[in-house]
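**Student:** here is the input, now give the coordinates:
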Amino acid sequence: MEVTFDGGKVITAHINGHQIRTDQPIMGGGTNTAPSPFELFFASIGTCAGIYVKSFCDQRGLSSENIRIVQTANYDRATGLPTDISIDIQLPADFPERYRDAVINVAELCKVKKTIANPPRFSVIASTK
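**Tutor:** Numbering: from 1, shown residues only. A predicted model of the protein is given here:
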């Protein structure tokens, strides 16, 4: 992955032929033209859980059309960091009851969530081109 600075507060990640733009909200000095990096981080948790739920449904021939995932968080006022993150998998009334616990279990397999629960070591360096 390579990160480029694209004017103002717009920062773009280039990953496997894709470009993921970020910006800051107006109150953070940006123009709010894209999600902030933290919003993308937060979205990666919900979308990761979502792909596991979607795959589970696909493998069983279950419709995922009316399933919604609602993610919320509580934040520490002093640090601004999340203290609790909740993932609510909202299933339609006709979703088979026998799969309810299994859907929760597959969402728990999310690689993003697992990485947060078992954080890697970080190394930050500055080199000269």
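**Student:** give the contact list for residue 20.
**Tutor:** 12-13, 40 (CB atoms under 8 Å, 6 or more residues apart in numbering). Yep, even glycine has a C-beta here, placed from its N, CA and C like the rest.
**Student:** my bad, should have said residue 80
**Tutor:** Residue 80 touches nothing, counting by CB under 8 Å, 6+ apart.
**Student:** report the separation between it and residue 69.
**Tutor:** 24 Å (CB to CB, to the nearest Å).
**Student:** residue 3 bridge partners, please.
**Tutor:** Counting by DSSP bridges, residue 3 forms beta bridges with residue 13.
**Student:** what about it, how many neighbours?
**Tutor:** Counted with other CB atoms under 10 Å, the neighbours of residue 3 add up to 13.
**Student:** return the member of the contacts of residue 20 nearest to residue 118.
**Tutor:** residue 40 (20.6 Å; CB to CB).
**Student:** domain ranges for this protein?
**Tutor:** Following automatic domain parsing, one finds the domains of the chain at 1-34, 38-117.
**Student:** in JSON lines: those domains, plus distance to residue 126.
**Tutor:** Conversion of the domains of the chain to JSON lines gives the following (distance: least, CB to CB, whole Å):
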{"stretch": "domain 1-34", "distance to residue 126": "14"}
{"stretch": "domain 38-117", "distance to residue 126": "23"}
